[in-house]
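Colleague: My questions are about this predicted structure, shown below with the sequence.
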Amino acid sequence: MTLASFVQPEIDPVLLHIWGPLQVRWYSLLYVGGFILARWILVRLAKESRFKFTPQDIEQFIVWLLMGTVIGARIFYCVVYDSQNLINNPLYLFETYKGGLSFHGGLIGGILAAVLFCRKRKLPFWNFTDALALATPPGLVLGRVGNFINGELYGRVTSVPWGVVFKDGGPLPRHPSQLYELFLEGVVLSAVLWFLKGKLRRDGQLSFVFLFGYSLSRFVVEFFREPDSHIGYLFLGLSMGQILSLLMLAVSGIGAYFYFRSSARRN
């Protein structure tokens, strides 16, 4: 007898089989949908006097962002989360159809893409990233929906009445940690950022709120999420995701301190 109130919906993660390993997966569509939604938000933000870029800038940048995010997410995942497979088979880096993307790596790739693009177009970087901060959480919502459909990144065994039995997670109910992340990283963080949009007017402030908010949300949810089986728990019983989130929080805090300190001196 299961303790779960729900069983993972029977949704085939593959929407369309093309040939061999070539597939169209729900996760891929939702991932791309996140960038389409971000483009829509950024184009509308471009029409506000606060932001110093144009809709034409966004039309060009979205390709940079997609490439930077995907490449960064894949490289980071292979190096940090699955280095043994990468060492045994360097071509594993290109086997994206097997899954394996890291948000922290995607964030690094997206930031590098923004740095290069802003330099090329002579755009104020922190003004640009404030807009990106507002446009990112809705994409995170779609990404977590894809994780839930795939039955991946599920939570730890639980007795809560909303526990879910995942097809790859054994017979016991587990926390639907993908949905927890959807709520905190997507819905709550988005609401906070849009609420603060009219109150935080200095360039860079919304960017750091996003970095702090994501780090804290991810750190909390990791207490309910099953750690990667080949990694397990690390320093002080923390998961890899928690350690990366703490590093992200620390780097963001140091960056915010020096950035706003130098801004105060200039003023």
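Modeller: Now that the structure is in, tell me what you want to look at. Numbers count the residues shown, from 1 in each chain.

Colleague: now the closest residue to residue 18 other than its chain neighbours, what's its secondary structure?
Modeller: Once flanking residues are discounted, residue 18 sits nearest to residue 24: 6.8 Å by Cβ to Cβ, 6 or more residues apart in numbering. For glycine as for every other residue, the C-beta is placed from the backbone atoms N, C-alpha and C. Put simply, residue 24 is strand when judged by DSSP: H, G, I helix; E, B strand; the rest coil.

Colleague: pLDDT below threshold where in the protein?
Modeller: Counting by pLDDT under 70, the chain shows low-confidence ranges at 1-5, 20-21, 97-98, 263-267.

Colleague: So which elements touch the strand ranked longest in it?
Modeller: Secondary structure of the chain read by DSSP state E shows that its longest strand is strand 14-19. Strand 14-19 sits against strand 22-25, helix 26-45, with contacts defined as 3 or more Cβ pairs under 8 Å, 6 or more residues apart in numbering; DSSP states H and E.

Colleague: what ranges do the strands span in this protein?
Modeller: Using DSSP E, strands in the chain cover 6-7, 14-19, 22-25, 164-165.

Colleague: List the neighbouring strands of the second one plus their orientation.
Modeller: Spelled out, it's strand 14-19. Strand 14-19 pairs in its sheet with strand 22-25 (antiparallel), by DSSP bridges.

Colleague: show me what contacts the residue nearest to residue 14 when sequence neighbours are not counted?
Modeller: Excluding the flanking residues, the one nearest residue 14 by Cβ to Cβ, 6+ apart is residue 23, at 4.9 Å. The contact partners of residue 23, taken as Cβ atoms under 8 Å, 6 or more residues apart in numbering, are 14, 15, 16, 17, 97.

Colleague: and which of those residues is nearest to residue 134?
Modeller: Closest to residue 134 out of the contacts of residue 23 is residue 15 (29.6 Å), distances taken as Cβ to Cβ.
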